[in-house]
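**Q** Got a sequence here, can you model it:
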Amino acid sequence: MLTLNKLEKLMEMEAKLRDEYQEQLEGKDKEIAKLTGDKEALAARVEELQATINTQLETISSLSGKASDTKAMENRNRELHNRSENMKEEVATVKARLKALQKDLAAERTELAALKKFDPDRMRKNLDANKRKLAEKTKVAEQLQKSYNQSKAENARLEQRVKELEAAQAEAESDSDGDSPDSQAAA
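**A** Below is the predicted model of the structure:
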């Protein structure tokens, strides 16, 4: 009975934990998908910026003859370089965040796997099998108890019969002693 109660409590606890963490897992999966999409967008943006930088460098080299244009290009180059550095920093931050989220997701998956070890279907099958075994053992025990009671009653009846026979034998011996020579001499 205790095992059944414990099993029911385990099943309730599993349901509670599953309900409690399912939303978090789904939320983290969505966030990872979003971050992965953001990462791809950032990579595309970096490539786009790199392409922009490359085209601007070509323009700078073609205008190198003109000093004012060269200075303007250098300024643009610095700006683009700063932007690309900022984008690299953003990408590194997003990567670090993505790794942290992946670690969290791995931990959640590990916890979920641990919770799935308590498979309710398998536990129900084991419980049903144990109930059948218990019913069989109970039936056998009842049959043994009935057989024991019958043997006990039969034994008591046989003991009573032995006592009756012993009493009859003692009475027969006392009757035969009365017919003996001692009893005739006394008469």
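**Q** Domain map for this protein?
**A** If you go by automatic domain parsing, the domain ranges for the chain are 1-118, 120-177.
**Q** Format those domains as TSV; extra columns: mean pLDDT and mean neighbour count.
**A** Any C-beta I mention is one placed from the backbone N, CA and C, and that applies to glycine too. TSV is the format used below for those (pLDDT from 0 to 100; neighbours: other Cβ atoms under 10 Å):
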stretch	mean pLDDT	mean neighbour count
domain 1-118	84	12
domain 120-177	91	10
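**Q** residue ranges of the helices in this structure, please?
**A** Counting by DSSP state H, the chain has these helices, from start to end: 2-62, 67-116, 120-178, 181-186.
**Q** thinking in terms of the whole chain, how far from its middle is the first one?
**A** Think helix 2-62. Remark: helix 2-62 is offset 25 Å from the chain centroid, using Cα atoms, centre = their mean, to the nearest Å.
**Q** other SSEs contacting it?
**A** helix 67-116, helix 120-178 (3 or more Cβ pairs under 8 Å, 6 or more residues apart in numbering; DSSP states H and E).
**Q** To residue 26, which of those lies closest?
**A** Relative to residue 26, the nearest member of these by Cβ to Cβ is helix 67-116, separated by 10.5 Å.
**Q** by contact count, what packs against the closest one?
**A** In terms of contacts (3+ Cβ pairs under 8 Å, 6+ apart), helix 67-116 is packed against helix 2-62.
**Q** Next, the angle from the helix it packs on to helix 67-116.
**A** Put simply, helix 2-62 runs at 170 degrees to helix 67-116, going by axes from the mean of the first three to the mean of the last three Cα atoms, to 10 degrees.
**Q** And residue 89, how far from residue 6?
**A** Taking Cβ to Cβ, to the nearest Å as the measure, residue 89 falls 54 Å from residue 6.
**Q** ugh, wrong one, I meant residue 60
**A** When residue 60 is compared with residue 6 (using Cβ to Cβ), they lie 76 Å apart.
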